[in-house]
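Generate coordinates for the sequence data below:
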Amino acid sequence: RFDGAGASGSRLENCVIEHAYGHSSKGLYITNSSPTITGCTINNSISDQGIRLENSSSEISNNTINGMSSVGIYVLVGSNPTVTGNTITNNGTGIYIDGNSNGTYQGNTITDNNYGINAIYSSNNPVFIGNTYSNNPNGDLNVEGIISTDVNWAGTWDSVYQSGNLIIANGASLTIASGK
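Sure, this is the predicted structure:
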């Protein structure tokens with residue numbers, strides 16, 4: 001568990017976390033801090049979440065997260081992480097982003113999950129660039145909620161997405177590139 005400002009300079013590198021049942025059923029629980037987690041393997045766990053971020057701007061890179069019953073990386077409570085180069089497989093949901101969190105999600109391989117990424121829009125605008133999706137039977141990139149600002153899904157934004165219940169609020173806009 002990483003908790004508080006004192007943990008923000010911490011770094012967890014090239015580790016293996018297996019057979020874990022961490023704090024409140026999380027493999028790694030990061031709250032009110034922003035450590036770097038890189039090169040780690042989190043798998044074979046009875047924890048329902050591989051990495052849980054609350055109020056965190058952590059850098060999560062080049063990890064393998066496999067076999068969580070609920071979520072590989074769970075991003076909530078105003079978090080704004082940078083999540084790059086991870087392999088996220090065989091989880092209930094690969095990455096889940098709540099309506100109060102942002103972040104950049106780039107170059108991840110997200111396969112064999114029930115859902116690839118679920119992003120709930122509210123006051124946030126997460127960015128998805130160059131992720132690779134396959135074999136996520138309930139959707140690769142699922143978006144829902146209320147877009148309340150100007151959101152641009154053009155250019156380098158991932159082109160594989162599915163919208164559930166998505167509302168564009170008065171005064172907000174959504175730009176989608178042609179052909180996406």
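
quick one: contacts for Ser33?
Contact analysis of Ser33 by Cβ atoms under 8 Å, 6 or more residues apart in numbering lists 2-8, 10, 56, 58. The C-beta positions use only the backbone N, C-alpha and C, and glycine is treated the same way.

Next up, the contacts around the nearest residue to it once chain neighbours are set aside.
Using Cβ to Cβ, 6 or more residues apart in numbering and skipping the chain neighbours, the partner closest in space to Ser33 is Ala7 (3.8 Å). Listed by Cβ under 8 Å, 6+ apart, the contact set of Ala7 reads 30, 33, 35.

How about Gly9?
Pro35.

ok, now the one 4 residues further on?
Contacts here follow Cβ under 8 Å, 6+ apart; on that basis Glu13 touches 36, 38-40.

and what of Ala5?
Ala5 neighbours (Cβ under 8 Å, 6+ apart): 32-33.

List the backbone torsions phi and psi for it.
Dihedral pair for Ala5: phi -60, psi -30, per degrees, to the nearest 10.

Okay, it and Thr31: tell me how far apart.
11 Å (Cβ to Cβ, to the nearest Å).

And for Ser122?
Here the criterion is Cβ to Cβ. By it, Ser122 lies 20 Å from Thr31.

Compare these two and say which is more crowded by neighbours.
Thr31 (19 against 13; other Cβ atoms under 10 Å).

which regions of this structure lie under the pLDDT threshold?
Residue ranges of the chain with pLDDT under 70: 20-26, 154-157, 159-161, 179-180.

any idea which helix or strand carries the one residue sitting closest to the centre of it?
Centroid check for the chain by Cα atoms, centre = their mean gives Ile95 as the closest residue, at 3.6 Å. Secondary structure from DSSP states H and E places Ile95 in strand 93-97.

Now the element after that strand, going C-ward?
Beyond strand 93-97 on the C-terminal side, the first helix or strand identified by DSSP H and E is strand 104-106.

Which positions in that next one come out as buried?
For strand 104-106, burial by neighbour count (16 or more other Cβ atoms under 10 Å) applies to 105-106.

thinking Phe128 is in contact with Gly107, fair?
No - proximity of Phe128 to Gly107 does not meet the contact threshold set by Cβ atoms under 8 Å, at 10.5 Å.
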